[in-house]
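Asker: Provide a 3D model corresponding to the input given below.
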Amino acid sequence: MSTQFYQPNPLSVANLRIVSRCPLHFFAVDFDMSCSPKKVTDWIYGNLQGRFYFGQVTSSNSNNGVTNLILCSRAAFEIHSEASYFALSLPEINKF
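Answerer: Okay, here's the model as predicted:
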């Protein structure tokens, strides 16, 4: 029988996992928020290891000379494989 020990994440201990601004080298996943932001960040803290950004962004969409501004949520990750895992899990996380 093997025993697994919980190893704390040094970034979490130092409160450095979430960043206040999205750096250019982070891989971003934009989506429409259906659940609470706390549910998304709790999932990220529980399932991923690297640094991340989570916040609201405004994107523009031009169609026939009319520009529409769209407010959406953005989760961006320093480790690109974590962004892929988040994107694949997003339909389950983002349920109302």
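
Asker: what's the neighbour count on the closest residue to residue 80 other than its chain neighbours?
Answerer: Distances taken as Cβ to Cβ, 6 or more residues apart in numbering place residue 27 nearest to residue 80, at 4.6 Å, with adjacent residues excluded. Glycine gets a C-beta too; all of them are placed from N, C-alpha and C. Per other Cβ atoms under 10 Å, the neighbour tally for residue 27 reads 17.

Asker: equivalent analysis for the one 3 residues further on, please.
Answerer: Residue 30 has 12 neighbouring residues, counting by other Cβ under 10 Å.

Asker: and for residue 75?
Answerer: Residue 75 is surrounded by 27 other residues when neighbours are defined as other Cβ under 10 Å.

Asker: distance of residue 40 relative to residue 54?
Answerer: Using Cβ to Cβ, to the nearest Å, one obtains 7 Å as the distance from residue 40 to residue 54.

Asker: identify the contacts common to these two.
Answerer: When contacts are counted by Cβ atoms under 8 Å, 6 or more residues apart in numbering, the set common to residue 40 and residue 54 consists of 73, 75.

Asker: list the contacts of residue 90.
Answerer: Counting by Cβ under 8 Å, 6+ apart, residue 90 has contacts 29, 31.
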